[in-house]
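[1] no sequence for this one, just the structure:
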């Protein structure tokens, strides 16, 4: 099961965090919130597998 570990304020920020987590070996999915046509200004959920939540949060908290 995938779990939300962070909600980024923009797609650009979400991609930055996704790349950081991916470089640390995490599987990462992004899911936009809101309207389908909101472009780069949507909030975006960052999800990781449930088993990796604690480790992913440790990486995110170093930002």
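    Okay, I see it. Bear in mind that the values here come from a model prediction, so they are computed numbers and not experimental data.
[2] secondary structure class for residue 27?
    coil (DSSP: H, G, I helix; E, B strand; the rest coil).
[3] isn't residue 20 right next to residue 61, touching?
    No - counting by C-beta atoms under 8 Å, residue 20 stays clear of residue 61, with 11.8 Å between them. Just so you know, the C-beta spots here come from the backbone N, C-alpha and C atoms, and that holds for glycine as well.
[4] all helices of this structure, in order?
    Shown for the chain, the helices assigned by DSSP state H span residues 11-23, 53-60.
[5] take these and lay them out in TSV including mean pLDDT and distance to residue 1.
    As requested, the helices of the chain are exported to TSV (pLDDT from 0 to 100; distance: least, C-beta to C-beta, whole Å):
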stretch	mean pLDDT	distance to residue 1
helix 11-23	97	17
helix 53-60	98	10
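[6] with mean neighbour count added, can I get those helices in JSON lines?
    Shown next, in JSON lines, are the helices of the chain (neighbours: other C-beta atoms under 10 Å):
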{"stretch": "helix 11-23", "mean neighbour count": "16"}
{"stretch": "helix 53-60", "mean neighbour count": "15"}
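[7] out of those, flag the one nearest residue 5.
    Shortest separation from residue 5 across the helices of the chain is recorded for helix 53-60, at 4.9 Å, computed as C-beta to C-beta.
[8] thanks a lot, see you next time.
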